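**Student:** give me a 3D structure for the following:
(2 chains)
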Amino acid sequence: MKTSFISTASMSQALRYQMMRLQSELVQSQNEATTSRLSDPGAVLGARAGTTFSMARDIERLEGLVDANSMAASRLAATQDGLEQLHGLGEKLLTTLTTAPNMEAPQTIAEEARRSLETMTGILNTSVNGEHLFAGINTDTKPINDFTDPASANKQGFDTLFQSHFGFTQTDPAAAGITAAEMNAFLDEVETYFMGSGWDDWSNASDRKITSRITLNETSETSITANEAGIRRIAMTAAVLTDLMKVPLSENARTALYERGTQFVGQAIADVAHIQSEVGLAEQRVSDASERISSQVDLFKTMITDLEGVDPYEAATKVNELLTQIETSYALTARIQQLSLLRYLP
Amino acid sequence: MSLTSALNIAQSALFNASRQTNIVSRNVAEASNPDYTRRAGVLSSTAPGARISEIRRATDDALFKQNLSALSSWQGQSRISQGLDRLRLEVNGTDNATSPASALGKLQTALQNYAAAPSNRTLAETAVEAARGMVRSLNNGTEAVQSFRTELDADIATSVGELNELLAQFEAANTEVIRGTRAGRDVSDALDRRDALLKKISGYVPVSTISRADNDLVVTTADGTTLFETVPRAITFARTDAFAPGMTGNAVYIDGVPLASGTGGNTTASGSLAASLQLRDQVAVDMQRQLDETARGLITAFAESDPAGTGADMAGLFTWNGGPGLPASGALVDGLAGRIGINANVDAAAGGDPERLRDGIVYDHNPDDAASFSDLLDSYIAGLDEPMVFDPAASLGTTKSLNAFTSESIGWLEGLRKEASGGAQAKEALAMHTATALSNATGVNIDEEMALLLELERSYEASAKLMSVVDEMLSQLMQVAR
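**Tutor:** This next block holds a predicted model:
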C-alpha cells in the first residue's frame, strides 16, 4: 500500500520545466533592466498597445511641427525686422518732408526719396532660405519691381499715368505750368492707381499669405505680403517724390506735393505699425503653439512611460532574485540527482 | 511426502522471484520513457506454493483523459501564439516599425515638413518617398499574409496525412490488444503503444475514447465525430496551392464532417488542426481586410476634388488598378492593399513631378504656381485625422479616422496576442501538471524498484537456502537408510 508515489521521470521533468521557465523569465527581466521598457509591450498591454503606438506616432509628428514652427518663427522675426526698417524709413521720410518747405534744395529731397525707394525695394525683396519674405505664397519671385529701372513695369506705368493726365512727359518744360490744384488732382489719381489695380505693375506678390500648420489641428497665417496698404503707401510716397522732384515744378505745385507726401507717409506709418502688430500676433501664436506642443509631447511621453515603462531598479532586483533562484535550482538538481538508493546498495 | 512438497514450493518461489526480477528490470529500463506504464506482478497462492497470476499495468483513466485534453488545448493554443507572433513580425515588424500605421505616421510627418516649406523640392521628393514606403508596407503586408495562409494550408495538409498515418498505426495496436486479450496474453506493451498513439493524435485533434469488450477502443473527436471504430475513418482535405485575398480555403473533413475552427485569442481550438484553420480563415483574413481598408482609406483621403466643382473626385497620390476613379465608399475591396500604388505623375522614377503633390495631380489647385502654396497639402494632413466610414468586416468598427484605424489595427493584433499568451501560459501549466500527475500515477520510481529488488534478492536467497536445507535433510535420510 503506497500513500504517495512519485515517478523518477516526473522528478527530473519538473526540475527541467522550472529551470526553463526561470531562464526565459531571466532573459525578459534582463532586457527590461537594461532598456527600462517592457520586453514585449504588446503581450502585456494588449489592445492598449494601439494607444501607446498612436501616442508615439503623434510625438514624432509633434516634434516635426516644433521644427516647422521654428522655421515659421524665424520667417516672422525676419518679417518683423523688415517692417521695423520700413517704419524707420517712413519716419525719416516724414522728417525730411516736414522740414522740406524751409529747405531750398529740392535735389536733396529727391536724393533722399530715391535712397528710401531703393532701401524699401531691397527690404521688400529680402529672401530667407530662398523664400521671399514679402511675396505671400509666391515665394519664388521677387515681389517688388525696380522703379529706378526705366524699363520696369512700374516706372512705365507711372510715366503713362503722368503722360495721360497732363498730356506731356515729366521732362517737358510745360510741367512748370502745373498748378497746385492740378498737382493735387494728379496725386488723387496716383493714389487710386497705387491702391487699386496699378499696384500690379509694382508687385508680383500674391495676396495670399503663407499658412502653416502650427499644431496638429490648427493652421495660422505666418507671413505677410507686399500688397498691404502700408507698404503700397510707402512705395507711393517714395516713388512720387523720386520721380516728380526731377520735374521742373513751380513752387506752388511743389508745396502741394510736399503736403500730400506728408499726408501719405503719415498714413503709411500708421498702416505699417498695424501690420507690425499683426505679425507680432502671429509670432505670439506660433510660440504659444510650440509651447503647447512641447507640453503635449511631455505628457505623451509620460503616458507612454506609465504604460510601457519598467522601473529599472525593480527589474534589476528581479534579475538578482531570478539568478539566486536559478542557482538554488542548479544546486538542488545536482543533489537530487545524487539522491539514489543505488549509491547505498552494495 | 511433505519434504518433496517443500522442495516444490521453494522451487516455485525461485521461479516467481526470477519472473518478478524480470519485471523490475523492465521497469528500470523504461523509467525515463513517458509513454511506459509501471508493471507489477500479482502473486496468487496456489496450494502448494504461489505463482504470478497476472501482470498489472498501473493506469489512471481519468488522469489520462485529462492529460489528453490538456495536450490538445495546449497544442492549439501554442499554434495560435506562434501564428500571431509571426503575423506581427512579418506585417508589423519589430516594435511595429514596418506596420502601415507607422508608415502612415512617417508619411504624415513628411507631408507636414513639406507643407511647412512647399517651395522645397527635396521635401516633395521625401514626401513621395514616404508615400512609397506606405505602399510598400501595404504590398508587403498583403504578400506576407497570403503566403502565411498558403503555408498554413500546406501545414494542414501535412497534418492530415500524419493523422491518417497515426490512425493506421492505432488500428494495428488496437488489433493486437484485442487479439492478445482474447488469447489471455500479456498485452501491456500493445496498450502502452496505443496510449502513446492517442497522445500524438490528441496533438492534432481533441479526442475522447470509449472502451468496449476485449479492451477494444473507439476514438471520437471531442464533439463526437468518429475517428476510429474498428477501422480508422478517413480524414480528407484538399489543399489550395496559392492564396489570394478574398479566397476561402477548404475545410478538413473527418468521416465526412467538417472540423470546426477555434475562435478568440485565448482560443477554443483544441489541437493544432483547429488552430491552423482559425489562423487561416479568421485571423489572417481579418488582418488582410484591415490592410485592404487601410489602402482604401488612403486612396480616399488623398483623392482630389475639382476646385471648379464640376469634375468627379479622382484618385490622387495613391492609385489602384481600378483607378483613376475611387473605390466605393465604406465597402471592402478584397486585395486592395496589394494593388495600391503611387501615382506615376508624382513619381520622379516614372518621369513624374513630385511637386504636383503640392499643386494637384488631377486638377490644378494652384493656377498661379505659387511656390509656397500649402492648402492642398494641409487638406491631406487634416484628412488623415477626419472620420471616415470603414467596412465592419474589418472588425475594427465603422466610423473613425484613418490614423485611428491603423493604430487600432495594431491594438487588435496585440490584444489577440495578449489573450493568446495568457491562455498559453495557463494551458501549458495545465498540460505540464497533468503530465506530471499522470507520470506520478503510472510512472516508475527507480528507488522503489531497487527496494523491490532487495526484497526479491532476500526471498531468492531464502528459497535457495530452503532447497539446500531440504536437500541436506533428504541426504541425511538417505544415509540413515543405507
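
**Student:** which residue is nearest the centroid of chain B?
**Tutor:** When chain B is reduced to its mean C-alpha position, the closest residue under C-alpha atoms, centre = their mean turns out to be B:R79, at 1.7 Å.

**Student:** buried residues, whichever strand or helix holds that residue. List them.
**Tutor:** B:R79 is part of helix B:61-87, with elements assigned from DSSP states H and E. Of the residues in helix B:61-87, those buried under the neighbour-count criterion (16 or more other C-beta atoms under 10 Å in any protein chain shown) are B:63-81, B:83-85, B:87. Bear in mind the C-beta positions are built from the backbone N, C-alpha and C, glycine included.

**Student:** what's the first helix or strand after that helix?
**Tutor:** Scanning forward in sequence from helix B:61-87 by DSSP H and E, the next helix or strand is helix B:100-116.

**Student:** packing partners of that following helix?
**Tutor:** Contact partners of helix B:100-116 among helices and strands, from 3 or more C-beta pairs under 8 Å, 6 or more residues apart in numbering or on different chains; DSSP states H and E: helix A:49-99, strand A:211-215, helix B:121-183, helix B:284-301, helix B:375-383, helix B:402-442.

**Student:** right, is the third one up against chain A?
**Tutor:** What it means is helix B:121-183. No - Helix B:121-183 stays clear of chain A (C-beta under 8 Å from any C-beta of the partner chain), getting no nearer than 10.5 Å.

**Student:** which outside residues touch the helix or strand following that helix?
**Tutor:** Taking DSSP H and E as the definition, the helix or strand that follows helix B:121-183 towards the C-terminus is helix B:188-204. Contact partners of helix B:188-204, identified using C-beta atoms under 8 Å, 6 or more residues apart in numbering or on different chains, comprise B:35-37, B:39, B:55, B:57, B:64, B:67-69, B:71-72, B:75, B:159, B:162-163, B:166-167, B:169-170, B:173-174, B:176-177, B:180, B:207, B:209, B:215, B:217, B:219, B:227, B:271-273.

**Student:** and helix B:188-204, what's its mean pLDDT?
**Tutor:** Looking at helix B:188-204 alone, the average pLDDT works out to 94.

**Student:** which one of the residues in the stretch 201-346 of chain A is closest to chain B?
**Tutor:** Nearest to chain B in the stretch 201-346 of chain A, going by C-beta to the nearest C-beta, is A:L341, at a distance of 4.3 Å.

**Student:** surely that residue meets B:L453?
**Tutor:** No - counting by C-beta atoms under 8 Å, no contact exists between A:L341 and B:L453, whose distance comes to 9.4 Å.

**Student:** neighbour count for these two, which is higher?
**Tutor:** Set A:L341 next to B:L453 and count neighbours by other C-beta atoms under 10 Å in any protein chain shown: B:L453 wins out with 18 against 15.

**Student:** let me see the backbone angles for that one.
**Tutor:** As for B:L453, its main-chain torsions (degrees, to the nearest 10) stand at phi -60, psi -40.

**Student:** quick one: contacts for residue 275?
**Tutor:** Went with chain A since none was named. Going by C-beta under 8 Å, 6+ apart, the list of residues near A:I275 reads A:L83, A:I224, A:E228, A:G230, A:I231.

**Student:** um, chain B though
**Tutor:** If you count contacts by C-beta under 8 Å, 6+ apart, B:A275 has them with B:Q75, B:G76, B:Q77, B:R79, B:I80, B:G83, B:S261, B:G262, B:T267, B:A269.

**Student:** could you dump these into CSV and include pLDDT and distance to chain A?
**Tutor:** Rendered in CSV, the data for those read as follows (pLDDT from 0 to 100; distance: C-beta to the nearest C-beta, whole Å):
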residue, pLDDT, distance to chain A
B:Q75, 94, 17
B:G76, 94, 18
B:Q77, 95, 14
B:R79, 94, 17
B:I80, 95, 13
B:G83, 94, 14
B:S261, 91, 22
B:G262, 90, 19
B:T267, 89, 15
B:A269, 88, 19
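
**Student:** quick one, what contacts residue 8?
**Tutor:** Went with chain A since none was named. By C-beta under 8 Å, 6+ apart, the residues touching A:T8 are B:A31, B:S32, B:G443, B:V444, B:N445, B:I446, B:D447.

**Student:** my bad, chain B
**Tutor:** Residues touching B:N8, when contacts are defined by C-beta under 8 Å, 6+ apart, comprise B:P48, B:G49.

**Student:** tell me how far it lies from chain A.
**Tutor:** In this structure, B:N8 lies at 30 Å from chain A, with C-beta to the nearest C-beta, to the nearest Å as the measure.

**Student:** secondary structure element holding that residue?
**Tutor:** Assigned by DSSP H and E, B:N8 belongs to helix B:2-29.

**Student:** in that helix, what's buried?
**Tutor:** Of the residues in helix B:2-29, B:6-7, B:9-10, B:12-14, B:16-17, B:19-21, B:23-24, B:26-28 count as buried by neighbour count, 16+ other C-beta under 10 Å.

**Student:** just to revisit the earlier point, for the helix holding B:R79, packing partners?
**Tutor:** In this structure, helix B:61-87 makes packing contacts with helix B:121-183, helix B:188-204, strand B:207-211, helix B:272-278, helix B:402-442, judged by 3+ C-beta pairs under 8 Å, 6+ apart.

**Student:** kindly recompute the last result at 7 Å.
**Tutor:** Here helix B:61-87 touches helix B:188-204, helix B:272-278, helix B:402-442, going by 3 or more C-beta pairs under 7 Å, 6 or more residues apart in numbering or on different chains; DSSP states H and E.

**Student:** got the residues of the stretch 101-250 of chain A near chain B?
**Tutor:** For the stretch 101-250 of chain A, the residues in contact with chain B (C-beta under 7 Å from any C-beta of the partner chain) are A:130-131, A:137-140, A:206, A:210-213, A:217, A:219.

**Student:** try 8 Å this time
**Tutor:** A:129-131, A:135-141, A:206, A:208, A:210-213, A:216-217, A:219, A:223.

**Student:** just the buried ones from those?
**Tutor:** Of all those considered here, the ones buried according to neighbour count by 16+ other C-beta under 10 Å are A:131, A:135-140, A:206, A:208, A:210-213, A:216, A:219, A:223.

**Student:** centre-most residue in chain A?
**Tutor:** A centroid search over chain A (C-alpha atoms, centre = their mean) returns A:A72, at 1.1 Å, as the residue closest to the centre.

**Student:** hmm, it is touching A:S212, no?
**Tutor:** Yes - if you go by C-beta under 8 Å, A:A72 and A:S212 touch, sitting 4.7 Å apart.

**Student:** shared neighbours of these two, which are they?
**Tutor:** In the contact map built from C-beta under 8 Å, 6+ apart, the residues linked to both A:A72 and A:S212 are A:T222, A:V286, B:A116.
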